[in-house]
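*Asks:* Give the three-dimensional model of this entry:
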Amino acid sequence: MSEPIRDNGFTNEVLGWKAWLPTVDLNSATPEQIAVLEESHPQAKTSDYYLTLAHHPDILRQRSQAFNAIMYAPGGLSRAERELASTVVSCVNCCVYCASVHAQRFEQLAKRNDVIREVFADPATAGTNEREKAIVRFAIDLTLAPASIDATHIKALREQGLDDGQVLDLIHAISIFAWANRLMLNLGEPVFPSAQA
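*Replies:* Numbering: from 1, shown residues only. Next up is the predicted model:
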């Protein structure tokens, strides 16, 4: 990662996350809880987030399968563009932790963070080219006013070269962050590096 960005309460730095609810104790976890943690994410057994969600292993399994299919499926919209949209949604929803994680992933994939700096400063004006601006604008509109989306919004994406499959990928990525942000925001809080000591 290049230089740290901190703007409007958002950052591309690695953050911790602290649960407000009790987490699953690995020493007394059920075999099903252990299995779903192992399936979900490489760091799930040390993550307060996954250890909180593991209280309901069936729901965590479905969440992880849907999330991974939407964010990591090959083909369609580029991984970097999915991460950009996810970062925008997270900023609009004021989810500092998710914005941090997905800003980092965008930077790893795109090898730049110029648009992330713009998103943190003001999502409404972010985008280093017309395609990015269209993706950012659509992410904001779908997040803030989903009932207002109509064919003109899709046309604007198509005009920037997104095909039908890429539009659907974008909608999925934006939509799952309505869920992901609400889980993060209501189950715990981000911990900044200076407070993790």
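*Asks:* Low-confidence stretches in this protein?
*Replies:* Scanning the chain for pLDDT under 70 picks out 1-2, 195-197.
*Asks:* Identify the residues contacting the spatially most central residue of it.
*Replies:* Centroid-nearest residue in the chain, with C-alpha atoms, centre = their mean: Ser86, separated by 4.2 Å. Contacts for Ser86 (C-beta atoms under 8 Å, 6 or more residues apart in numbering) come out as 71, 98, 102, 173-174, 177, 180. No exception for glycine: its C-beta is placed from N, CA and C like everyone else's.
*Asks:* Repeat the analysis, applying 6 Å as the threshold.
*Replies:* By C-beta atoms under 6 Å, 6 or more residues apart in numbering, the contact set of Ser86 is 102, 173, 177.
*Asks:* Among those, which one lies nearest to Ala121?
*Replies:* Using C-beta to C-beta, His102 is the member of those that sits closest to Ala121, with 16.5 Å.
*Asks:* Which residues are in contact with that closest one?
*Replies:* 83, 86-87.
*Asks:* on that earlier part again, please produce a markdown table containing the contacts of Ser86, extended by secondary structure and distance to Phe138.
*Replies:* Listed next are the contacts of Ser86 as a markdown table, based on DSSP: H, G, I helix; E, B strand; the rest coil; distance: C-beta to C-beta, whole Å:
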| residue | secondary structure | distance to Phe138 |
| --- | --- | --- |
| His102 | helix | 16 |
| Ala173 | helix | 11 |
| Phe177 | helix | 13 |
